[in-house]
Structure formats: C-alpha cells, structure tokens
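# Generate a structure from the sequence data that follows.
(one chain, ligands or ions: 2)
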Amino acid sequence: MNRERHPVYWDPEIETLPRERLRALQEDRLRRTLAAAARSPFYRRLFREAGVAVEAIRGPEDLGRLPLTTKDHLRQGYPFGFLAVAREEAVRLHSSSGTTGRATVVLHSARDLETWAERMARCMYMTGARSSDVFQNMTGYGMFTGGLGFHYGSERLGMLTVPAGPGNSRRQVQFMQDFGTTVIHAIPSYAFRLLAVLEEMGIDPRRELNLKTAYLGAEPYSEETRRRVERELGVRVFNSYGLSEMSGPGVAFECPEQNGMHIWEDAFLVEVLDPKTLTPVAEGEEGELVLTTLDREAMPLIRYRTRDLTAVLPGPCPCGRTHRRIDRIKGRSDDMFIVKGVNVFPIQVETLLMGMPEVGRDYRIVLDREGDLDVMTVEVEVRREVFQGDVKSLNALRDKILAALKSEILFTPRVRLVEPGSLPRNEGKAVRVLDRRRGS
Ligand code: AMP
Ligand code: ZN
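Ligands and ions are numbered 1, 2, ... in the order given. Model (predicted):
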C-alpha cells in the first residue's frame, strides 16, 4: 500500500475528528463492546450480579451504572474467562509483568493486533517518525507488551526496525553506529543505563550518533528526567503510556507539543475517578484513570481500574488533534508509601533529584523501622567528578538535597550520596522503593 500519506497525521480523519462525531463513534462502539463483553463468561456473570442490562446503556453518560473491573477480576477470570470470542479466534496472549501479585492475561484476535499496530504507527508518526527512519527497539520482547507493540507499529509505519531487545548496551551502541539508528524506544531507567555506557565508551551521542527521537514509557518519570535525557542524548523524548490490560503501549502518547499525552478516544473511553469515592473528578483534577476498550474484539474490558493517577488536561491542543490529553502519570496508587504519616510518591523525590546537575542517574528510597520510628533514606548516585571532589562540596550537596526534600515531603529524611553505578540495577522496570519495615 503506497498511497500518499498526510504530512502530519497518520490517520487524519480519526485524529482530527470533531468532538461530536467522536462522541457518536464512541456511542456506537460502546454498544457493540458491551454486547460483545456480555458474551464472555466473566462479564455475563458480573453484569447479572450487578443487575444491569447492557441494552440499557446508551452512551458514555450511562457508564456509571456499570460495575468497575479490577485487576482482581482479571485474576479470577484467568486465563480465558474474559474471552468474548471463540478460543480459536484468539491468536496472541500477553501477560502483565505481575509486579503486584499474580499475573493476568490479555488475549487478542487477528483484528485486535491490526488495530493495535495501526494505533502504534499513529503514535510514532505523530512525533515525526517516517519510513526513512531506523528504529531500534530496546525493550523486552516477550510477555511484556512494549516490545511487540512498538515492533508491529514501527513496521506498519514502514521504519527499518531493529528488534534489539534490552540489555547488552555496548552492542546497542554498535547497532546505532552501524545502522544509523534515528529513533529508539526504551524504559527510562534503561535510557540512563545507556547514557552511562556511552560515557564509559567515550562516545558523545550528540555528535557521533544519528539519534533524533526517543520514546520513553512503561514506568513513571519526571519532566526533569525527560529534559536530562534530551540534553545528554541529543534527542526529543516523547512520553508513551499504556498497560497490558489495554493491549500495551499506544493508549496515550505525546505529540510534538510535548505537553500531555493524547489518549486515543476512538479506542478508549476515558474516566478519571476519585480513587476513594469512585465518582468522576472535574476536568484538570487528579484521579484514577478508568478505561473502557472500544475497539477490542477478543477481550473487551469495561471500566477497568488502571490504578494510575493522572488528570485530563483542559483545552484543545495546538496540534489539531481532537483527542483529549492526559497529564504525565504520577504513579500508581500503590506506588505511594506512608512515612511518619505523610503520603509520598517516588516521583516527588525523582523530580527534585533530577533537577540538580550534581546528581547522577539513579536513586533509591529505602524504608526502615528503628524502634517505633519509620526512617526513610534516599540513596543518591552523584556524578563522578562530584563524588571524587572534596568533602566540603559533597556535604553542601547533601544539605541541598535535604533541604529540598524537606520542603517537598515535610519531614527530614536521611540522604546517602553514593558512587555512580553502585546502586543495584535490575532488568526491566526500576525498583525505586525498598521497604524493609514489614515484619519488624
Ligand atoms: P505493564 O502492564 O506491566 O506493562 O505495566 C503498565 C503500567 O506501567 C501502567 O499501569 C503504569 O503504571 C506504568 N506506565 C506505563 N507507561 C507509563 C508512563 N509513560 N508513565 C508512567 N507510568 C507508566
Ligand atoms: Zn497535540
């Protein structure tokens, strides 16, 4: 298929669909989705128990009458209880990384894989990726949806696709040099790892590589981290949000404005609920993202509680896309921890640290109990030249971090400055909090 592409939009009609037409499309797709969901054993039972007749749901305004779906439900329906088509029609199975409890399964029909690939191509085209680009995919290719999701999207777009997978950073750099890689995809913690290896190899990516774009997602990161990666790698970084339950990446993605992620409303119905009362919050206010699939055939999910905290950004985007934008994800409601009665999100700590030039590329929060007291220690990797510098400037840096943390979290934690590369690393998503308080 070689038809002329629109210069800006991959799918001009859908991306710029006027809101009222988008809404009509949603209504139509919602009704079909509900009818399909009611064919799955799990939803048939859930709807019956909740006493809702899906025919009575006319559009998004009636959503509140439907029960919410939780990760626990997915576990109960493991593995095929949510299947809305015959088993023979499912052609792909993915499983969540299971960072919080037993894994869950998502199944796809051939058409589901098509629409997912299209949506991923839409995301990447939006950021300026074209068939002349060389795309190096540095995330895991297995049950983790980031690998295959981006892979099929980039092939659909027509980029030369290098399925490098994660790890083996020196070889990654070699690939970039040999193939002239222009676009990469990684999780943020891996991007930092890559920067460290480039430094070790004595390569300045801004001068010696062809990189122009990086997609970072799959874990929370701050605006400061984005700016750092942009500066040090010489790329523009675009935030990519998704979760396996909603197929994977391609749920929401940043446009060239880099100001919030467009959430594709032809594919998902968006609700932001107060996590306690489960009622909708006002536009612009933070709450839990709850999503309903609108174009998934094999395994539709209705009002799925993502646990991710964000807000719908008010107002239209100058890029001309009519799909609303969500704010950078603050974290999952279960990322939050409580120390001395204060609620803390790792992202608050990260934002402060990554804004300081002396700070290196990794940090960790360790929670201990001493007697009856909670103790929070922030371990911070500092830049090599700072680490090897004089004690006075190290102390000054520690004081600066302490003061900044204190004003953010309202108590004084402990701060330990450590050598670059000394904090433990794991393959896959970073573990930011080590809680040793349990069982004490
Ligand atoms: P998984 O289904 O195992 O791939 O994990 C999905 C989860 O990763 C989401 O529910 C979010 O908590 C997190 N996540 C994915 N993308 C982002 C992002 N761009 N920013 C912050 N968190 C993200
Ligand atoms: Zn935009």
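
# Excluding chain neighbours, give the residue nearest to the residue in the stretch 51-200 of the chain that ligand 2 sits nearest to in space.
Residue of the stretch 51-200 of the chain nearest ligand 2, by Cβ to the ion: M126 (7.8 Å). The way it works is simple: take the backbone N, C-alpha and C, and place the C-beta from them, glycine included. Among residues not flanking M126 along the chain, C255 sits closest, at 5.2 Å (Cβ to Cβ, 6 or more residues apart in numbering).

# could you measure that neighbour against R193, distance?
Distance of C255 to R193, given as Cβ to Cβ, to the nearest Å: 27 Å.

# Show residues contacting the host helix or strand of A252.
A252 is part of strand 248-254, with elements assigned from DSSP states H and E. For strand 248-254, contacts defined as Cβ atoms under 8 Å, 6 or more residues apart in numbering pick out 94, 116, 119-120, 122-123, 126-127, 145-146, 148-150, 153, 217-218, 238-243, 260-264, 267-268, 291, 325-326.

# If you average the pLDDT over that strand, what comes out?
Strand 248-254 comes out with an average pLDDT of 98.

# Now do the helices in this protein.
Counting by DSSP state H, the chain has helices at residues 12-15, 19-37, 41-50, 71-76, 110-126, 145-157, 169-179, 188-200, 205-208, 223-233, 346-354, 384-387, 391-409.

# Near G360, how many residues? Count them for me, please.
25 (other Cβ atoms under 10 Å).

# check contacts around it.
Contacts for G360 (Cβ under 8 Å, 6+ apart) come out as V380, E381, V382, R383, R384, P420.

# circling back to that earlier point, mean neighbour count, the helices of the chain: which tops it?
Most buried of the helices of the chain, by mean neighbour count (mean count of other Cβ atoms under 10 Å): helix 145-157, with a mean of 24.

# who does it touch, helix- and strand-wise?
In terms of contacts (3 or more Cβ pairs under 8 Å, 6 or more residues apart in numbering; DSSP states H and E), helix 145-157 is packed against helix 110-126, strand 134-137, strand 160-162, strand 183-186, strand 236-243, strand 248-254.

# I'd like these as a markdown table, with distance to P346 appended.
Listed next are the helices and strands packed on helix 145-157 as a markdown table, based on distance: least, Cβ to Cβ, whole Å:
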| stretch | distance to P346 |
| --- | --- |
| helix 110-126 | 26 |
| strand 134-137 | 26 |
| strand 160-162 | 31 |
| strand 183-186 | 19 |
| strand 236-243 | 17 |
| strand 248-254 | 21 |
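
# Out of those, which gets nearest to P280?
With Cβ to Cβ as the criterion, P280 lies closest to strand 248-254 of the helices and strands packed on helix 145-157, at 18.2 Å.

# Could you please name the strands that closest one pairs with and the direction of each pair?
strand 236-243 (antiparallel), strand 261-263 (antiparallel) (DSSP bridges).

# does any part of the worst-scoring helix or strand of the chain on mean pLDDT sit near ligand 1?
The least trusted helix or strand in the chain, going by mean pLDDT, DSSP states H and E, turns out to be strand 331-332, with a mean of 89. Yes. Part of strand 331-332 sits near ligand 1 under the criterion Cβ under 6 Å from any ligand atom, namely R332.

# Need the residues that contact that strand.
T100, P220, T306, R307, D308, L309, F345, P346, I347.

# Out of those, which comes closest to ligand 2?
Once Cβ to the ion is applied, the member of these that ends up nearest ligand 2 is D308, at 20.1 Å.

# Contact residues of the stretch 101-250 of the chain facing ligand 1?
Listed as neighbours of ligand 1 in the stretch 101-250 of the chain under the rule Cβ under 6 Å from any ligand atom: T145, G217, A218, E219, P220, N239, S240, Y241, G242, L243, S244.
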